[in-house]
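Asker: A predicted structure for the sequence below; I have some questions about it.
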Amino acid sequence: MRTSIFCLPVLLAFAGGAYAQSQSDIACPQLPADSGLIWQHKATAKSDFCRALRPDGSEAFGLFIANDSPFKPTRGNRAEQAVIDGREVQWYRSELAAQPDVQARETLIELPDGRVAHVWVQAKTQQQLDQALSQTADLRFRNAQLSSK
């Protein structure tokens, strides 16, 4: 009987982990298969927060999916153009006040269900920036195709 009581918390922990993974699989877009990245996902009733983590635990990029985004693009901050999941997007330069040496980019993607995906990239080198932008281009939003707005 003691063995069963000891095993129950372990089994519940594994079940919780599997449930959390399936929730991130549903809420976060599909990552490129060969990227080596994994999602860290947190959800509220009205939003999803997804961070793509490298094997060392550092963030490659992140995204926030909600009905609206506090990020408002400024035309003067336009940087690279790209395609994410078949949709043309415009990346915008951003600055981190506490980290002036970090290169940052942000973009918005409108989803068919009316929500918006705010995607950001932060990199210390041009090589890291290029790699992260390439990885975001290979994201696939599984639950819906992007709107054609």
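Answerer: Perfect, thanks for sending it. Numbers count the residues shown, from 1 in each chain.
Asker: Give me the helix or strand of this structure that scores worst on average pLDDT.
Answerer: Least confident element among the helices and strands of the chain, by mean pLDDT, DSSP states H and E: helix 2-27 (a mean of 41).
Asker: what packs against the helix or strand just after that helix?
Answerer: Proceeding N to C from helix 2-27, the next assigned helix or strand is strand 38-43, under DSSP states H and E. If you count contacts as 3 or more CB pairs under 8 Å, 6 or more residues apart in numbering; DSSP states H and E, strand 38-43 packs onto helix 2-27, strand 48-53. The way it works is simple: take the backbone N, C-alpha and C, and place the C-beta from them, glycine included.
Asker: how many neighbours does the closest residue to V119 other than its chain neighbours have?
Answerer: Using CB to CB, 6 or more residues apart in numbering and skipping the chain neighbours, the partner closest in space to V119 is L63 (4.5 Å). Using other CB atoms under 10 Å, L63 has 22 other residues around it.
Asker: same deal with V121?
Answerer: The burial count for V121: 25, using other CB under 10 Å.
Asker: Same question for S69.
Answerer: 18.
Asker: Start at 689, not 1
Answerer: Let's use 689 as the start, then, which means that last one is S757.
Asker: Distance of it relative to P720?
Answerer: As defined by CB to CB, to the nearest Å, S757 lies at a distance of 24 Å from P720.
Asker: one step back: is it true that the residue nearest to V807 touches W808?
Answerer: Yes: at 7.2 Å, L751 counts as touching W808 under the criterion of CB atoms under 8 Å.
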